[in-house]
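Participant: Give me coordinates for this.
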Amino acid sequence: MVSTARKIPADIAELLSHQEAGHRAGHYYVALFGLRNYDPLYVVEHIRRGLTYAAFERFHRNTDLPYRVLAQVAEIPERTLARRKESGRFARDETDRLVRMSRIVARAIELFEGSADAAQRWLTNPVKALGGRTPIDFASTDVGAIEVESLIGRLAHGIPT
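Facilitator: Okay, the predicted model is just below:
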């Protein structure tokens, strides 16, 4: 792990511990929401029930991505976000989009060796390989998310884009 001036949050440390141990199976990216069970059956059931608003706030703190950006990429209008805060839980489809976003953010954090700040900068700045779009915006669809993950993999292995 690369040392930084800032202490790495526990959820990001959890994410990186799986990477360092060589664990590629499991859905460990949900650690960004504070979850610690990465079994597919558990994750799917959690998506069906919907994330809590507290988990969303934890994701926000871990990623330092603005609420506005998180809501926009997950296609959750501001008024709906306010209702979710009041009710305390997201709908299934909203949760599915938030979990997809956590997968992309986790891969970017891994790419930048645990630096959520560097990952956030990369995710929110235009990338030539994505047609000049930001990776976080490009990943707002499943196909786009697959392409962003592929790009992260190429960058991690030093393959020109």
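Participant: Can you tell me the centre-most residue of the chain?
Facilitator: Computing the C-alpha centroid of the chain and ranking residues by C-alpha atoms, centre = their mean puts residue 102 first, at 2.0 Å.
Participant: Restricting to C-alpha, output the helix or strand in which that residue is found in PDB.
Facilitator: Secondary structure from DSSP states H and E places residue 102 in helix 92-111. In PDB, the C-alpha atoms belonging to helix 92-111 read as follows (Å, rounded to 0.1, in the frame of the first residue of the first chain):
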ATOM      1  CA  ARG A  92     -34.000  -1.700  -6.100                       C
ATOM      2  CA  ASP A  93     -33.100  -0.100  -9.500                       C
ATOM      3  CA  GLU A  94     -31.500   2.900  -7.800                       C
ATOM      4  CA  THR A  95     -29.500   0.500  -5.600                       C
ATOM      5  CA  ASP A  96     -28.400  -1.500  -8.600                       C
ATOM      6  CA  ARG A  97     -27.000   1.600 -10.300                       C
ATOM      7  CA  LEU A  98     -25.300   2.800  -7.100                       C
ATOM      8  CA  VAL A  99     -23.600  -0.700  -6.700                       C
ATOM      9  CA  ARG A 100     -22.500  -0.500 -10.300                       C
ATOM     10  CA  MET A 101     -21.000   2.900  -9.600                       C
ATOM     11  CA  SER A 102     -19.200   1.500  -6.500                       C
ATOM     12  CA  ARG A 103     -17.600  -1.200  -8.700                       C
ATOM     13  CA  ILE A 104     -16.200   1.400 -11.000                       C
ATOM     14  CA  VAL A 105     -15.000   3.600  -8.100                       C
ATOM     15  CA  ALA A 106     -13.400   0.700  -6.400                       C
ATOM     16  CA  ARG A 107     -11.500  -0.300  -9.500                       C
ATOM     17  CA  ALA A 108     -10.300   3.300  -9.900                       C
ATOM     18  CA  ILE A 109      -9.200   3.400  -6.300                       C
ATOM     19  CA  GLU A 110      -7.200   0.200  -6.900                       C
ATOM     20  CA  LEU A 111      -5.700   1.700 -10.000                       C
END
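Participant: for it, what is the average pLDDT?
Facilitator: Averaged across helix 92-111, the pLDDT comes to 96.
Participant: buried set for that helix?
Facilitator: For helix 92-111, a neighbour-count test (16 or more other C-beta atoms under 10 Å) marks 94-111 as buried. C-beta coordinates here come from the backbone N, C-alpha and C atoms, glycine included.
Participant: residues in contact with the strand or helix carrying residue 143?
Facilitator: Secondary structure from DSSP H and E places residue 143 in helix 142-156. Residues from elsewhere that reach helix 142-156, judged by C-beta atoms under 8 Å, 6 or more residues apart in numbering: 100, 103-104, 107-108, 110-111, 127, 129-130, 135, 138-139, 160-161.
Participant: Perfect, that will be all.
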